[in-house]
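Asker: the following block contains a protein sequence and its predicted model.
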Amino acid sequence: MNGIKSYIWDQLSIIIDESKIILLSTHINPDGDGLGSEVAFYYYLMELMKECRIINASPLTYNYEVIDPDKIVETYDTTMDSWLKSVDLTIVFDIGDHRRTGPIGKKVYSSSKVVSIDHHPPKDGHPFALNIVDKNSPATGYMIWKYFQNLGKTKEKLPLIIANGLYASLVTDTGSFKYQSTTADTHYMAAHLLESGVEGYEIQ
């Protein structure tokens, strides 16, 4: 696995540092990978004291409430349009096709800088200022964990709320470690998340 070069992650850090109001989103009818990635990233941005919201086109289904105890995942409605106009950075996770954000993209793609973090190749005509893709990654959440590794955050335990989101991402897109995309480093990530306090059975 080649992975993402350090300078790409550095570009992401610069963009985040330069931004004040940040939107996180994923695809319509989100799965554990998209949701887990955006939840984990939300709490990272909270550590940086950024104004941030998660707004998705589809509501959170009950089986994912375990990774959103604080109910930070919101579902789009038109009352959010004023806030969306103030967004200067949008980060989308695991969407594959930029159109899969539904009404969210229509509101922010032309008015904010857009970053995509994904293990699916993008479709033509995407609006991404920074397009971070690793098609060999077992999950988008794994890419988030590698970003945290680049920042030096994985040398210690991660906050449990972040680790739970990343673990949900990992078990979703590896089929609980059954798919061929599962690597030795995938298990190393899982071990680190368990050491951070994740109750694997609860998330599964």
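Answerer: Right, received. Where do you want to start?
Asker: which stretches of the chain form helices?
Answerer: 6-18, 32-47, 81-85, 103-108, 140-150, 160-173, 184-195, 200-203 (DSSP state H).
Asker: how far off centre is the fourth one?
Answerer: Which is helix 103-108. Taking CA atoms, centre = their mean, to the nearest Å, one finds helix 103-108 lying 17 Å from the centre of the chain it belongs to.
Asker: got the contact list for it?
Answerer: Applying CB atoms under 8 Å, 6 or more residues apart in numbering, the contact partners of helix 103-108 are 23, 25, 55-57, 76, 81, 84-85, 87, 90, 92, 98-99, 114, 127. C-beta: built from backbone N, CA, C; applies to glycine.
Asker: pretty sure residue 130 is touching residue 122, no?
Answerer: No - counting by CB atoms under 8 Å, residue 122 is not a contact partner of residue 130; they are 11.5 Å apart.
Asker: what's the overlap in contacts for those two?
Answerer: residue 116.
Asker: what's the neighbour count on residue 70?
Answerer: 9 (other CB atoms under 10 Å).
Asker: so where's the protein uncertain?
Answerer: 1-2 (pLDDT under 70).
Asker: in it, which residue is most central in space?
Answerer: Centroid check for the chain by CA atoms, centre = their mean gives residue 37 as the closest residue, at 2.8 Å.
Asker: mind listing what that residue touches?
Answerer: 26, 93, 94, 117, 139, 140, 141, 143, 144, 165, 166, 169.
Asker: same thing with residue 189?
Answerer: Contacts of residue 189 by CB under 8 Å, 6+ apart are 142, 145, 166, 170.
Asker: equivalent analysis for residue 144, please.
Answerer: By CB under 8 Å, 6+ apart, the contact list for residue 144 reads 37, 40, 41, 93, 117, 166, 169.
Asker: could you dump those to a markdown table with distance to residue 62?
Answerer: Below are the contacts of residue 144 laid out as a markdown table (distance: CB to CB, whole Å):
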| residue | distance to residue 62 |
| --- | --- |
| 37 | 20 |
| 40 | 20 |
| 41 | 22 |
| 93 | 21 |
| 117 | 26 |
| 166 | 21 |
| 169 | 18 |
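Asker: which single one of these is nearest to residue 61?
Answerer: Residue 61 has its nearest neighbour among the contacts of residue 144 in residue 169, at 15.4 Å by CB to CB.
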